[in-house]
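S.K.: pasting a predicted model and its sequence here:
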Amino acid sequence: MDLIQEKFVSVFSAYQVDTQARPDGGVMLTLRAADGKVTRRGLTYAQLHSAEQLSWAISAIRRDLCLLYTSDAADE
């Protein structure tokens, strides 16, 4: 497991994490929740190699996950 994969596994421990390299040097991050819902995000090379940009990207993904599950709960 590489450092990027380890980072995302650590940050998103409630999810099954998969990363796939992209031709541009970025990665496709796939998060699978226990209920089977899948969330995918493309991350650029710059986001992966800048602590500030990586932190921002992780915050944005967390926000998106909260919005996804909040809107699902509101629909029920």
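M.R.: Perfect, I can see it now.
S.K.: tell me which strands and helices the helix or strand of the chain with the lowest mean pLDDT is in contact with?
M.R.: Lowest on mean pLDDT, DSSP states H and E among the helices and strands of the chain sits helix 51-75, with a mean of 87. In terms of contacts (3 or more CB pairs under 8 Å, 6 or more residues apart in numbering; DSSP states H and E), helix 51-75 is packed against strand 27-32, strand 38-43, helix 45-48. From N, CA and C alone the C-beta is placed, and that goes for glycine too.
S.K.: buried deepest among these, which one?
M.R.: strand 27-32 (a mean of 18; mean count of other CB atoms under 10 Å).
S.K.: for that one, name the packing helices and strands.
M.R.: strand 16-21, strand 38-43, helix 51-75.
S.K.: buried ones in the least confident helix or strand of the chain?
M.R.: Of the residues in helix 51-75, 54, 57, 58, 61, 65 count as buried by neighbour count, 16 or more other CB atoms under 10 Å.
S.K.: how distant is that helix from the center of its chain?
M.R.: 9 Å (CA atoms, centre = their mean, to the nearest Å).
S.K.: and what of stretch 45-56?
M.R.: Worked out by CA atoms, centre = their mean, stretch 45-56 lies 13 Å from the chain centre.
S.K.: contacts for that stretch, please.
M.R.: Contact with stretch 45-56 is made by 4, 7, 24, 25, 26, 27, 57, as judged by CB atoms under 8 Å, 6 or more residues apart in numbering.
S.K.: need phi/psi at residue 44.
M.R.: When read as degrees, to the nearest 10, the backbone of residue 44 gives phi -80, psi 170.
S.K.: so what's it up against?
M.R.: Residue 44 sits in contact with 24, 25, 26, where contact means CB under 8 Å, 6+ apart.
S.K.: could you turn the buried ones of the contacts of stretch 45-56 into a PyMOL selection?
M.R.: Buried residues among the contacts of stretch 45-56 (16+ other CB under 10 Å), as a PyMOL selection:
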select buried, resi 4+26+27+57
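S.K.: related to what we said a few turns ago, need the helices and strands packed on strand 27-32 in a markdown table with distance to residue 31, can you?
M.R.: Output for the helices and strands packed on strand 27-32, formatted as a markdown table (distance: least, CB to CB, whole Å):
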| stretch | distance to residue 31 |
| --- | --- |
| strand 16-21 | 6 |
| strand 38-43 | 5 |
| helix 51-75 | 7 |
